[in-house]
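*Asks:* Here is a sequence with its predicted model. Questions after.
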Amino acid sequence: MLLQTRSFRSTGRIFIGIGLALLFGLAIVLRISLYHIETSDYTAFLSRWYAYIQTHGGLAALKDNFSNYNIPYLALLALTTYLPIPQLIAIKTLSVIFDGVLALFTYLILRLKYGRGLAASVGALVLLFAPTIFINSSAWGQCDAIYTAFCLGSLYFLLKQRSGWACVFFALALAFKLQAIFFAPVLLVLILKRKLPLRYLLLIPLVFALMLTPALLAGRSVTSVLSIYVQQVSSSSNGGANTFGANGAGSGFAGGRPGASGQPHNPGPGATNSNGQNGNGPGGTGSFNGGQANGNGTGGSRQFNGGQGAASTSASSLTLNAPSFYQWLPSDAPADYWKWTGIILAALFILVLSILLLLHKQQLTTAILLKVTLVFALAIPFLLPEMHERYFYLADVVSILYAFSFPRAFYVAIIMQLCSLLSYAPYLLHTQLIPLSYVAGAVLLLLTIVLIDLLRTLYIRPSATHLHADEHASPPIIASASVDG
C-alpha cells in the first residue's frame, strides 16, 4: 500500500512537471505571436539605433553618441547584430530572455517561503502570463524586464543574506536603466538598520563603471559615457527626452513618439542630436554633421495627456500616461511649481518611511522587506514628475510576489495589472478606455492599502490586527551587520 502511494505521488509529480513545462512553452509561443507588432517606439528609435549599430561595426558603434539609452543595453543590441536574425526579432528576443530571468527570481523568492512546492512555480508562471509583462517585451519591444530582473535579483540576495551580491545586482539594474532608483530606498533602509555593511556599497560604482567599458574600449570618452543619465534628466526640463530616459521630443536622428492619442500632432523643437543636422520628414531622420536637430513633420514629440508635446510648460507635461497624481492637476497649473513639489514629496516620503522603519522594534523579515519594496515601487513613480506609464513596471512585478506571499491580498496584483494596462492603452490602442485620473485614484488606493498594511506590521501586533495572519512567523532576513557577500 505504501509502495502504491509513493508510485501515485511520483506519477503526480511527473504530470505536474509536464503541465508546468507546457505552460512555460505556451508563454514563449504567446510572446512569439506578438513579434510582428511594430510600435512607433520601435520604428522611430529602436530600429534606427539597431541599424546604426549594424552599419557602424557592431560594438565599434558604441564610440558614437547615437542613443539616449545607457551602454549595457546598447552593447547587448550590438552583440545581437552579429547573429543572422532580423532586427525586430533580435530586439524583442533580448527582452523576452529577461522575462525568463524575472520568472526565475520570482520562483527563487517564493521558494524561500514555500520551499520546492508548487506555489513558487505557479507564481513564476503567473508572472510570465501577466499582460503588462509579455506586452512590454514581445509587443512593445521595451527592455524594462532587464533592469527589473536585476532589481529582483538584488532583493533575492538581500533575503538570502548575501549583501555583496545584492549590491552587484542593483548596480547591474542601475547600469541598464535609471528607473532602478525606485529600488534604491530598500537598500537605504537596510543601511539605516545596519543590516547592509557600508563597504559593500563600493561594489555599486565599481560594477556600474565596469558595465560602461564596451563604449570606452570602442573609443568613447569617459565624460560622454558618464553624462548619459545626466542628459536624460536635464533634457526633460528643456523639452527633450523625459526623466529617466523617456523619449519625449523627437531628435533629428531618432524622431519622436506619437501623442497619447496616437495621432500626429504639431511638431516641436527636437532634442539635441548626437551630431545631426536638421531632420525633415516624419520625426526628423537627420544626418550626422553637427548642429541641433529639428524634428519637423509628424511625431516630433509625444503628446502629454492629450495636449501638445514639445517643450510644454503646462501641467499636462508632467505625466506621460503615468497614473500619477499629476493626472488630477488642471492643464493651466504651473508646471515648474508642481514638478518640484512632486520631487520634494517623493524625497519626503522616502525619508519619513525610512525613519519609521528605523524606529520600529521588530526584526526585518522577508514579509516586511517585500512590503517595503512594493510601497516604494508604487509611491516613487506616483509622486515624481515626467513619468511614463511603463515606470510602474517594478510595481507590476512586485505586486505579484506580494499576492503570492500574502494570498488574502491577491487583489493587489490584479488591480495593479489593470491600472498599468489602462495606462498603456492611450499609447498602444490610441484611446483612453478609462480616464487616467481614475486610474491614478486606483493606484493611490493600492498604495494606501499596502502602506497601512506595512505600518500595521511594524507597529501593531500581527496576531491581533494584521491583514495576513500567517506572516508573523516570517524569519528575519539578516541576523547581523556582518553579512558575507
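*Replies:* Yep, that arrived.
*Asks:* In this protein, mark out all the strands, start to finish.
*Replies:* For the chain, strands defined by DSSP state E occupy the ranges 319-320, 387-388.
*Asks:* which one of the ones you listed has the lowest average pLDDT?
*Replies:* Among those, strand 319-320 carries the lowest mean pLDDT, at a mean of 90.
*Asks:* mind listing what that one pairs with, with the direction of each?
*Replies:* Strand 319-320 has the following strand partners under DSSP bridges: strand 387-388 (parallel).
*Asks:* so where is the stretch 1-150 of the chain shaky, pLDDT-wise?
*Replies:* 1-9 (pLDDT under 70).
*Asks:* and the strands of the chain, which is most packed in?
*Replies:* Of all the strands of the chain, strand 319-320 has the most neighbours on average by mean count of other C-beta atoms under 10 Å, namely a mean of 30. (Glycine included, C-beta is placed from N, CA and C.)
*Asks:* Looking at this protein, which helix is longest?
*Replies:* helix 2-32 (DSSP state H).
*Asks:* In that one, which residues are buried?
*Replies:* Going by neighbour count (16 or more other C-beta atoms under 10 Å), the buried part of helix 2-32 is 23-24, 27, 31.
*Asks:* Same question for stretch 32-39.
*Replies:* Within stretch 32-39, the residues that qualify as buried are 34-35, 39, counting by 16+ other C-beta under 10 Å.
*Asks:* and which of these is nearest to Ala119?
*Replies:* Leu34 (28.1 Å; C-beta to C-beta).
*Asks:* Compute the first-to-last residue distance for stretch 193-208.
*Replies:* This stretch, stretch 193-208, spans 25 Å end to end (C-alpha to C-alpha, to the nearest Å).
*Asks:* next one: it to chain centre, how far?
*Replies:* Its chain's average C-alpha position is 22 Å from that of stretch 193-208, according to C-alpha atoms, centre = their mean, to the nearest Å.
*Asks:* Which positions in that stretch come out as buried?
*Replies:* Neighbour-count burial for stretch 193-208 [16+ other C-beta under 10 Å]: 193, 195-197, 200-201, 203-204, 207-208.
*Asks:* cool, stretch 325-333 as well?
*Replies:* In stretch 325-333, counting by 16+ other C-beta under 10 Å, buried: 325-327, 329.
*Asks:* Kindly state the pLDDT recorded for Ala315?
*Replies:* Model confidence at Ala315, given as pLDDT, is 62.
*Asks:* what do you get for Ser474?
*Replies:* pLDDT, Ser474: 50.
*Asks:* Rounded mean pLDDT for stretch 213-230, please.
*Replies:* 94.
*Asks:* got a list of contacts for it?
*Replies:* 59-65, 68-72, 74-75, 78, 178, 212, 245 (C-beta atoms under 8 Å, 6 or more residues apart in numbering).
*Asks:* Which ones among those residues map onto helices?
*Replies:* Cross-referencing the contacts of stretch 213-230 against helices under DSSP H gives 71-72, 74-75, 78.
*Asks:* Can you show me the helices along the stretch 251-400 of the chain?
*Replies:* Assigned by DSSP state H, counting those that start in this stretch, the helices in the stretch 251-400 of the chain fall at 335-359, 366-383, 393-405.
*Asks:* burial measure for Gly58, as a count.
*Replies:* Residues near Gly58, counting by other C-beta atoms under 10 Å, number 17.
*Asks:* now Pro72
*Replies:* Counted with other C-beta under 10 Å, residues neighbouring Pro72 total 23.
*Asks:* cool, and Pro214?
*Replies:* Neighbours around Pro214, by other C-beta under 10 Å: 21.
*Asks:* Chain neighbours aside, what residue packs nearest to it?
*Replies:* Nearest non-adjacent residue to Pro214, counting by C-beta to C-beta, 6 or more residues apart in numbering: Ala75, 4.3 Å away.
*Asks:* Ile414 too?
*Replies:* Ala403 (7.7 Å).
*Asks:* quick one, what contacts the one you found?
*Replies:* 409-414.
*Asks:* so how far is Ile350 from it?
*Replies:* As for Ala403, its distance to Ile350 is 24 Å (criterion: C-beta to C-beta, to the nearest Å).
*Asks:* same deal with Ser423?
*Replies:* 23 Å.
*Asks:* can you check Ala61 too?
*Replies:* Distance, Ala61 to Ile350, using C-beta to C-beta: 38 Å.
*Asks:* between these two, which one's more packed in?
*Replies:* Set side by side, Ala61 and Ile350 show more neighbours around Ala61, with 22 against 18, by other C-beta under 10 Å.
*Asks:* number of nearby residues for the closest residue to the more buried one other than its chain neighbours?
*Replies:* When the adjacent residues along the chain are set aside, Ala61 lies closest to Ile53, with 4.4 Å between them (C-beta to C-beta, 6+ apart). Ile53 has 25 neighbouring residues, counting by other C-beta under 10 Å.
*Asks:* who's in contact with the spatially closest residue to Leu59 that is not a sequence neighbour?
*Replies:* Using C-beta to C-beta, 6+ apart and skipping the chain neighbours, the partner closest in space to Leu59 is Ala78 (4.6 Å). The contact partners of Ala78, taken as C-beta under 8 Å, 6+ apart, are 53, 58-59, 61-62, 214.
*Asks:* how deep is Tyr459 tucked in, by neighbour count?
*Replies:* 12.
*Asks:* check contacts around it.
*Replies:* By C-beta under 8 Å, 6+ apart, the residues touching Tyr459 are His360.
*Asks:* Reformat the buried residues of stretch 32-39 as JSON lines; add distance to His388.
*Replies:* Formatted as JSON lines, the buried residues of stretch 32-39 follow (distance: C-beta to C-beta, whole Å):
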{"residue": "Leu34", "distance to His388": "20"}
{"residue": "Tyr35", "distance to His388": "22"}
{"residue": "Thr39", "distance to His388": "13"}
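*Asks:* Just give me the closest of these to Ala120.
*Replies:* Using C-beta to C-beta, Leu34 is the member of the buried residues of stretch 32-39 that lies nearest Ala120, at 26.6 Å.
*Asks:* Could you double-check that the closest one sits in contact with Ser138?
*Replies:* Yes: between Leu34 and Ser138 a contact is recorded at 4.3 Å, counting by C-beta atoms under 8 Å.
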